[in-house]
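A.B. asks: only geometry, no sequence info:
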């Protein structure tokens, strides 16, 4: 069906009258119609006053879309006519319907942003003049349309796609028109009898234009007008939002005196905020609270400076921070009664960050002034983070919001530790003592208080990790066994989080370990606590290994009991294998196998049964579970862990026999059977390769006896169904054993088969992007092989020709990971190819094809995203094949419309000269490629491209001059030293 006005009108009406599949089809057709060139014709017919409002809206929306996204289709000669038609149409609809008027305003706003400054030099002044004439005949209501249009122009500026040069140009032009806009807005503020809706729109326009910078001499007056406006209920919210925009502008910090005056105005609103909070009108108070917090977040550095400059400045800053503290400390329950307190979290982070960044003297002064504030903040956060005694009436969403809120509370307490240090520990220890006392004396109704104290302690675990010693922390850890848990799951969970968080500290206090182990192990079989318990035990096994050594058998026994209780989820069972492995590693060699066999026998027996059955969904879940279980166990069960810096085997710690050496021959046939049956299931094979990879990591050189069988399994599975994890395993074996002569030929044959299989797979697949992860991993591995041992690439080994051609093809794919590793392989091959006649011949033969593909990609849709990778290829060609690259550049210059019709011959010449000149500086070459990509996409002119590159050239010249001066100074200093030495002699 053709895109005519009659057809479009018909489909629009059908769209609003139908539903389901037909409506979706109509939507897709109408979208195509909007994108078509014919839309410039039928849109005008649809917005005539006689049409239905739905049709008028679609017509207006089409005009807005075409102007915003397809302005390049408008010939310059027709711009004036387009502008006049749009303005005439807008004045026709000046009294509504509103939805049509709004879309026409968007269209005019898009036109202004596209036309500035060459096609339309003074759009704002012209629009004001046009609508002032309209007001004389149609009344003040027309002013509402003008203000709405002025509001939309900056909004469209933010959303429209422009290159950086064009955006800066438009920004400057719009900033120059701010005085004209402010004059109009001030007239609205001062004119008597202006309806509220017009004043509201003028405030919105002010907020929209603030981004371009309001003159400082105007700010205080405008702020005063907004303070008056906010007294009207209809203008309360928008006035506060406009104030937020004014105080948060990036340039306001340059004018501290003006900001101090504005802070005075802001502080004058504190009683209004407090009254609203006392009345529980938290939703109404939200924009006002936002103003206080926005000022604090935007000018926290100024607040700290004012604190040290004068008593007046200190009092103002302290008053603002106290108001924000009161917002954070609202008495109501979050989130069922209030949601106001959460908006202040960002301020507390910024404020403490700026305090820490102060010079030592100012830092100490700020700690003195604001220490009390942070003390009160901790007190309020403890209260706010408490669970209600009964949350059964809470919805699932409310519980999730409160969970996120508590996470923010924990982060903020951690920030408080950066300020208060040991004072915070004393506060928390005092509260914990009170909570324990109340729970012992007054019953279980105080468990929320106790849990909140433990939660606060767990929050600072990460911050305390770097502390060498803390008596207060050791006191806290000693209290953990004394806490009256009363089988409360939430209290025990928080205690478990503390134990896991302070596991490293427990290693320094081994006397406390036997007291906290029962807390953890007793929680393992409990479904409500098993998640926290398994995580805590894993943390202890990792960070407090030596402290657990005397209790290894007890821990293993508790873990086995929990596994056999059938109360744990699969993920918790897998996690529990880590502490089991760690504890087994510390047991005597003769006890390990017997204990491990009793643990693993049920799982091995089940895996043997599963490996002999035909695949189905239920079996898959168990197979994946058992393989993950074994992988985690062998990750931790390592009797010979390689410590950093270890080069030789210590006589004091002789090498022990890894249990896996005995187990692997039993497990490998089962794994092999699983792989044979599930070879085409990606999830199962991912766990198979992960298991084998972990075995290789643990055994290291001891993997040799099993290498041939593993590589044989790998190649058989990969030729049947290529999988990225198999490539990772192959790469690991190459890293471990690739340098040993006995394995050289085996690895050549392995990767030759992998290469052939992958090439065939890529050629046979319908859409290469569907397998982007595999292809990216493949080129990553091949790139590393090329870099490590290019001799593996020869006609009898890995055929480099098809691989190079495939990598060249993959440069045009949209997936960044594929392009990254394909270009890396090409760059490495080009770099090392001069050492091999075989590789040199391939680069000479396919170099022109590679160059054309690279330039085509630079000029395409992904050039601006992948330009770094294409620049790397050009740099390698420039270094190793300069003569060839010169010839390729001539092809670029000769071919018309290559890579696109938007780039001129002058731009191509400039690009060629800059690329050929740059043979060392990759960063500069990336910038050259990026600018050429913008030119190819019509987003930058020849003049702008030359300006950017010339500026970059000047910067590089300055760097070169600076480097030369540095070298000259160093040489002079060295010469002076020699002369001085001669004098001394």
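C.D. replies: Yep, that arrived. Everything numeric in this text was worked out from a predicted model, so none of it was measured.
A.B. asks: burial of residue 811, as a residue count?
C.D. replies: 22 (other Cβ atoms under 10 Å). All C-beta spots, glycine's among them, are computed from the backbone N, C-alpha and C.
A.B. asks: Now the phi/psi pair for it, please.
C.D. replies: phi -60, psi -20 (degrees, to the nearest 10).
A.B. asks: same deal with residue 570?
C.D. replies: Here is the backbone geometry of residue 570 (degrees, to the nearest 10): phi -50, psi -40.
A.B. asks: which regions of the stretch 851-985 of the chain sit below the pLDDT cut-off?
C.D. replies: Scanning the stretch 851-985 of the chain for pLDDT under 70 picks out the ranges 939-985.
A.B. asks: Which residue ranges of the stretch 851-985 of the chain form helices?
C.D. replies: Taking DSSP state H, counting those that start in this stretch as the criterion, the stretch 851-985 of the chain carries its helices at 863-880, 882-894, 905-917, 922-936, 942-984.
A.B. asks: next one: the stretch 101-250 of the chain
C.D. replies: Assigned by DSSP H, counting those that start in this stretch, the helices in the stretch 101-250 of the chain fall at 123-138, 142-159, 164-176, 178-190, 196-209, 216-229, 236-247.
A.B. asks: Between the ones you listed, which one is closest to residue 355.
C.D. replies: Nearest of the helices of the stretch 101-250 of the chain to residue 355, taken as Cβ to Cβ: helix 236-247 at 20.6 Å.
A.B. asks: and the closest one with helix 216-229, angle?
C.D. replies: Calculated by axes from the mean of the first three to the mean of the last three Cα atoms, to 10 degrees, helix 236-247 forms an angle of 160 degrees with helix 216-229.
A.B. asks: in stretch 732-750, what counts as buried?
C.D. replies: For stretch 732-750, a neighbour-count test (16 or more other Cβ atoms under 10 Å) marks 732, 733, 734, 736, 737, 738, 743, 746, 747, 748, 750 as buried.
A.B. asks: swap that for stretch 834-849, please
C.D. replies: Of the residues in stretch 834-849, 836, 839, 840, 842, 843, 846, 847 count as buried by neighbour count, 16+ other Cβ under 10 Å.
A.B. asks: Identify the residue with the minimum pLDDT among the residues you listed.
C.D. replies: Scanning the buried residues of stretch 834-849 for pLDDT, the low point is residue 836. It has 91.
A.B. asks: Which residue would you name as the spatial centre of the protein?
C.D. replies: With distances taken as Cα atoms, centre = their mean, the residue of the chain nearest its centroid is residue 816 (15.8 Å).
A.B. asks: Just confirm that one contacts residue 867, I think it does.
C.D. replies: No - Residue 816 lies out of contact with residue 867 (Cβ atoms under 8 Å); the separation is 11.4 Å.
A.B. asks: Got the domain ranges for the protein?
C.D. replies: 39-181, 274-419, 486-587, 591-640+658-725, 820-963 (the TED database).
A.B. asks: now for those domains, which one comes closest to residue 775?
C.D. replies: The closest of the domains of the chain to residue 775 is domain 820-963. By Cβ to Cβ, the value is 7.8 Å.
A.B. asks: Next, show the common contact partners of residue 816 and residue 867.
C.D. replies: Counting by Cβ atoms under 8 Å, 6 or more residues apart in numbering, residue 816 and residue 867 have no common neighbour.
A.B. asks: Report the next helix or strand after the helix or strand encompassing residue 580 in sequence order.
C.D. replies: Residue 580 belongs to helix 570-585 when assigned by DSSP states H and E. Following helix 570-585 in sequence order, the next helix or strand is helix 589-611 (DSSP H and E).
A.B. asks: Residues touching that following helix, excluding its own?
C.D. replies: Outside helix 589-611, the residues that touch it by Cβ under 8 Å, 6+ apart are 556, 560, 563, 580, 584-585, 587, 619, 622-623, 626-627, 629-630, 633, 637, 639, 656-657, 659, 662-663, 666-667, 670, 673-674, 677.
A.B. asks: Check which residues of it are buried.
C.D. replies: By neighbour count with 16+ other Cβ under 10 Å, helix 589-611 contains the buried residues 592, 595, 596, 599, 600, 603, 604, 607, 610, 611.
A.B. asks: Rounded mean pLDDT for it, please.
C.D. replies: pLDDT averaged over helix 589-611 gives 93.
A.B. asks: what separates it from the chain centre, distance-wise?
C.D. replies: Centre-to-centre, helix 589-611 and its host chain are 42 Å apart (Cα atoms, centre = their mean, to the nearest Å).
A.B. asks: Let me know the angle separating it from helix 570-585.
C.D. replies: Helix 589-611 and helix 570-585 meet at an angle of 150 degrees, taking the same axes, to 10 degrees as the criterion.
A.B. asks: hmm, back to that, looking at the helices of the stretch 101-250 of the chain, spot the one closest to residue 45.
C.D. replies: With Cβ to Cβ as the criterion, residue 45 lies closest to helix 142-159 of those, at 22.5 Å.
A.B. asks: Which elements pack onto the closest one?
C.D. replies: helix 79-92, helix 98-115, helix 123-138, helix 164-176, helix 178-190, helix 196-209 (3 or more Cβ pairs under 8 Å, 6 or more residues apart in numbering; DSSP states H and E).
A.B. asks: Tabulate those in a markdown table, adding columns for distance to residue 717, mean neighbour count and mean pLDDT.
C.D. replies: Shown next, in a markdown table, are those (distance: least, Cβ to Cβ, whole Å; neighbours: other Cβ atoms under 10 Å; pLDDT from 0 to 100):
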| stretch | distance to residue 717 | mean neighbour count | mean pLDDT |
| --- | --- | --- | --- |
| helix 79-92 | 63 | 16 | 91 |
| helix 98-115 | 56 | 23 | 93 |
| helix 123-138 | 66 | 15 | 87 |
| helix 164-176 | 49 | 16 | 89 |
| helix 178-190 | 67 | 16 | 92 |
| helix 196-209 | 60 | 22 | 94 |
